[in-house]
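Trainee: Sharing a sequence plus its predicted fold:
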Amino acid sequence: MTTRKQPAAKPETKKATAASPAKAPGTKPAAAKSKAKAPSAPSTVESPVKVVWAITERMTKANPGVARKDILAACLAKGVNRFTASTQIQRFKAAQKKAK
């Protein structure tokens with residue numbers, strides 16, 4: 001039985017392009033600009049989920065076409081974390097849609 005040898009792998013060389021210019025040896029690549037924002041503060045209100053659902057329910061009963069940004073602004077004014085409010089508004093609307 002004869003064993004077959006694998007061909008030697010060719011070393012890869014990268015060429016500089018307009019999108020990726022060559023860098024000098026020993027230098028670090030430039031950090032990509034991050035669009036991430038600073039972490040938001042935790043909710044300052046007790047039971048923020050209940051607060052969001054109550055605000056959302058009250059505002060949608062008063063005006064069924066209320067804008068999401070208006071509900072979000074009301075929740076933020078009460079001290080609810082922006083991400084918690086956004087998530088719970090979406091869940092409230094999905095639950096109302098499913099209930100119909």
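Mentor: Looks like it arrived, so ask away.
Trainee: ok, which stretches of this protein are helices?
Mentor: 48-62, 68-78, 82-99 (DSSP state H).
Trainee: among those helices, which is nearest residue 35?
Mentor: helix 82-99 (15.5 Å; C-beta to C-beta). The C-beta positions use only the backbone N, C-alpha and C, and glycine is treated the same way.
Trainee: Please convert the helices of the chain to CSV, extending it with mean pLDDT and mean neighbour count.
Mentor: Below are these laid out as CSV (pLDDT from 0 to 100; neighbours: other C-beta atoms under 10 Å):
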stretch, mean pLDDT, mean neighbour count
helix 48-62, 97, 16
helix 68-78, 97, 15
helix 82-99, 95, 14
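Trainee: distance of residue 88 from residue 56?
Mentor: As judged by C-beta to C-beta, to the nearest Å, residue 88 and residue 56 stand 7 Å apart.
Trainee: quick one on the thing from earlier: can you put the helices of the chain in a markdown table and add distance to residue 39?
Mentor: Formatted as a markdown table, the helices of the chain follow (distance: least, C-beta to C-beta, whole Å):
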| stretch | distance to residue 39 |
| --- | --- |
| helix 48-62 | 16 |
| helix 68-78 | 16 |
| helix 82-99 | 10 |
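Trainee: Tell me which of those approaches residue 5 most closely.
Mentor: Here helix 82-99 is closest among the helices of the chain (C-beta to C-beta), at 57.3 Å.
Trainee: Compute the inter-axis angle for that closest one and helix 48-62.
Mentor: 50 degrees (axes from the mean of the first three to the mean of the last three C-alpha atoms, to 10 degrees).
Trainee: List the contacts of helix 82-99.
Mentor: Residues from elsewhere that reach helix 82-99, judged by C-beta atoms under 8 Å, 6 or more residues apart in numbering: 40, 43, 48-49, 52-53, 56-57, 60, 68, 71-72, 75-76.
Trainee: 7 Å instead, please
Mentor: For helix 82-99, the external contacting residues (C-beta atoms under 7 Å, 6 or more residues apart in numbering) are 40, 43, 48-49, 52-53, 56, 68, 71-72, 75-76.
Trainee: In contact with residue 43, which residues?
Mentor: For residue 43, the contacting residues are 79-81, 84, by C-beta under 7 Å, 6+ apart.
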